[in-house]
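Undergrad: Requesting a structural model of the entry that follows:
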Amino acid sequence: MTWTFHPFEIALCGYSGSGKTTLAERLIAHLAPGLRVGYAKHSSHDFSIDHPGKDTDRARVAGALRVFISNDRATALTTSEAPDFVQRRTMFDDCDCVLVEGWKRSPLPRIMVRDAAGAILGEPVDPKSGPLLAWTGPDAERPADLPEGVPYLQRDDVAGLAGVITRYFETRVHATPLYGLVLAGRSEEHTSELQSPY
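TA: Have a look, this model is predicted:
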């Protein structure tokens with residue numbers, strides 16, 4: 001399967017205002033006690049993660065290609081160009097899974113977030129889109145206009161939606177055979193030879 005960020009990823013897709021970000025936040029909080037969860041968002045407009053006038057913004061405006069900030073608790077990196085294929089596939093290496101907000105025209109497996117008006121149903125189906133795992137939305141009961149064959153869960157059923165995600169990941173694990181395992185290391189007597197002189 002083609003993936004954008006990580007072998008285990010799910011996209012939350014829907015129109016602006018449908019509740020994708022709130023749902024992502026709630027799913028992360030539900031999954032994070034047992035998994036290292038990454039989050040990636042696709043934005044269709046310009047954005048900045050820092051306030052104008054702050055040091056990192058000043059460096060970016062001055063022309064820095066990449067701006068990195070770090071302290072004992074967190075790290076942030078901005079770039080003035082889209083990450084390439086390799087960067088995208090390595091930035092979440094230490095995560096167990098990634099929740100992706102947006103990218104509805106990608107091959108990622110998706111949970112579609114329906115707004116109250118059902119506007120997303122007017123979107124033409126892209127044949128290159130990934131598998132549709134579930135629909136979710138504000139209605140307590142399944143809306144009559146949803147196509148059959150894919151489960152519907154109410155947007156507040158975070159445990160149920162997390163179950164859809166984890167079952168999909170388990171299916172992927174069982175479908176991917178392990179043909180071999182290589183364990184590597186070094187003995188204590190050779191570590192001094194490998195240490196940097198700097």
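
Undergrad: Okay, now the unreliable bits of the protein?
TA: 1-3, 42-50, 80-81, 83, 85-86, 88-89, 187-198 (pLDDT under 70).

Undergrad: Let me know whether Phe68 touches Thr79 as I believe.
TA: No: with contacts counted by Cβ atoms under 8 Å, Phe68 stays clear of Thr79, the gap being 9.6 Å. The way it works is simple: take the backbone N, C-alpha and C, and place the C-beta from them, glycine included.

Undergrad: what ranges do the helices span in the protein?
TA: 20-31, 55-62, 85-90, 158-175, 191-194 (DSSP state H).

Undergrad: other SSEs contacting the first one?
TA: Packed against helix 20-31, as judged by 3 or more Cβ pairs under 8 Å, 6 or more residues apart in numbering; DSSP states H and E, are the following elements: strand 9-13, strand 37-41, strand 97-101, helix 158-175.

Undergrad: Turn the ones you listed into TSV, including mean neighbour count and distance to Gly149.
TA: Shown next, in TSV, are these (neighbours: other Cβ atoms under 10 Å; distance: least, Cβ to Cβ, whole Å):
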stretch	mean neighbour count	distance to Gly149
strand 9-13	25	17
strand 37-41	18	28
strand 97-101	23	23
helix 158-175	15	14
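
Undergrad: Just put these in CSV and tack on distance to Pro147.
TA: Output for the helices and strands packed on helix 20-31, formatted as CSV (distance: least, Cβ to Cβ, whole Å):
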stretch, distance to Pro147
strand 9-13, 15
strand 37-41, 27
strand 97-101, 22
helix 158-175, 17
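
Undergrad: Quick one: closest of the ones you listed to Thr21.
TA: For Thr21, the closest of the helices and strands packed on helix 20-31 is strand 97-101, at 6.4 Å, according to Cβ to Cβ.

Undergrad: Now do the contacts for the nearest residue to Arg142 once chain neighbours are set aside.
TA: Counting by Cβ to Cβ, 6 or more residues apart in numbering, Arg142 lies nearest to Tyr152, which is 4.1 Å off, once chain neighbours are set aside. Contact analysis of Tyr152 by Cβ atoms under 8 Å, 6 or more residues apart in numbering lists Ala134, Trp135, Thr136, Gly137, Arg142, Pro143, Leu146.
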